[in-house]
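Q: Let's see this in three dimensions:
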Amino acid sequence: MQFNEAEKPELLLISGYGNKNFRVGEAKLEGNLLLTTKRFYSLEAIGFEDINIEKLKPLFEIEEGIEIIIFGTGEIIKMVPKGIQKHLVSKKIAFDMMDTGAAARTFNVLQMEGRRVAAVLIAVE
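A: Coordinates of the predicted model:
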C-alpha cells in the first residue's frame, strides 16, 4: 500500500508497506522493524510471538524517551505479551496494538502531532 507524500519531510514517516517490506522515507526496508521518529532498527523476529523485552531494548535506550509504542502485530491484532505490558507500565510508556497497516498510519499521525512515538512493526504480504 502506498501513502501520500508527507507534509513534514523532516520526519521519518512510513510511505508504504507490503510484500514483507516497508518504505520509510526513500528507503526500502525488508522484514520487521523497530521505528522511532529519528531511527529505525531491524527486528529479528519470525512473528509477533517472538518479540520480547530484549528485542525491544533499542527503544528504551533512546535519549529523548518514548511516550507511546504502537505495535503493528501483522495482518490481525494480537495482544502484547504480559511481560512486555508490565515493563512498559513500569516505565510509564503507553502502548496500543493494531494490525500493521493501522499501526503504520497511526505512527505517522502521532509523529506529525509532535509525539515521542515508536512502532514495532511486523511485515505483511
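
Q: low-confidence ranges in the chain?
A: Along the chain, the model assigns pLDDT under 70 to residues 1-9.

Q: As a check, name the ranges of all strands in it.
A: Counting by DSSP state E, the chain has these strands, from start to end: 14-18, 21-24, 27-30, 33-36, 40-42, 68-72, 94-98, 117-121.

Q: Would you reformat the ones you listed as JSON lines and include mean neighbour count?
A: To be clear about C-beta, it is placed using only N, CA and C from the backbone, and glycine gets the same treatment. JSON lines is the format used below for these (neighbours: other CB atoms under 10 Å):
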{"stretch": "strand 14-18", "mean neighbour count": "20"}
{"stretch": "strand 21-24", "mean neighbour count": "20"}
{"stretch": "strand 27-30", "mean neighbour count": "13"}
{"stretch": "strand 33-36", "mean neighbour count": "23"}
{"stretch": "strand 40-42", "mean neighbour count": "16"}
{"stretch": "strand 68-72", "mean neighbour count": "24"}
{"stretch": "strand 94-98", "mean neighbour count": "15"}
{"stretch": "strand 117-121", "mean neighbour count": "26"}
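
Q: I figured G25 hits S15, correct?
A: Yes - between G25 and S15 there is a contact under CB atoms under 8 Å: 6.6 Å.

Q: Next, the buried residues of the longest helix along the chain.
A: Counting residues, the longest helix found in the chain (DSSP state H) is helix 100-112. Residues of helix 100-112 classed as buried: 100-101, 103-108, 110-111 (neighbour count, 16 or more other CB atoms under 10 Å).

Q: outside of that helix, which residues touch it?
A: 1, 3, 6-8, 11-14, 17, 22, 35, 37, 68, 70-75, 96-98, 117, 119, 121-124 (CB atoms under 8 Å, 6 or more residues apart in numbering).

Q: before we move on, what about stretch 51-68?
A: For stretch 51-68, using CB under 8 Å, 6+ apart, the contacting residues are 34, 36, 38-39, 41, 43-45, 69, 81, 83-84, 87, 91, 93-96, 110, 115-118, 120.
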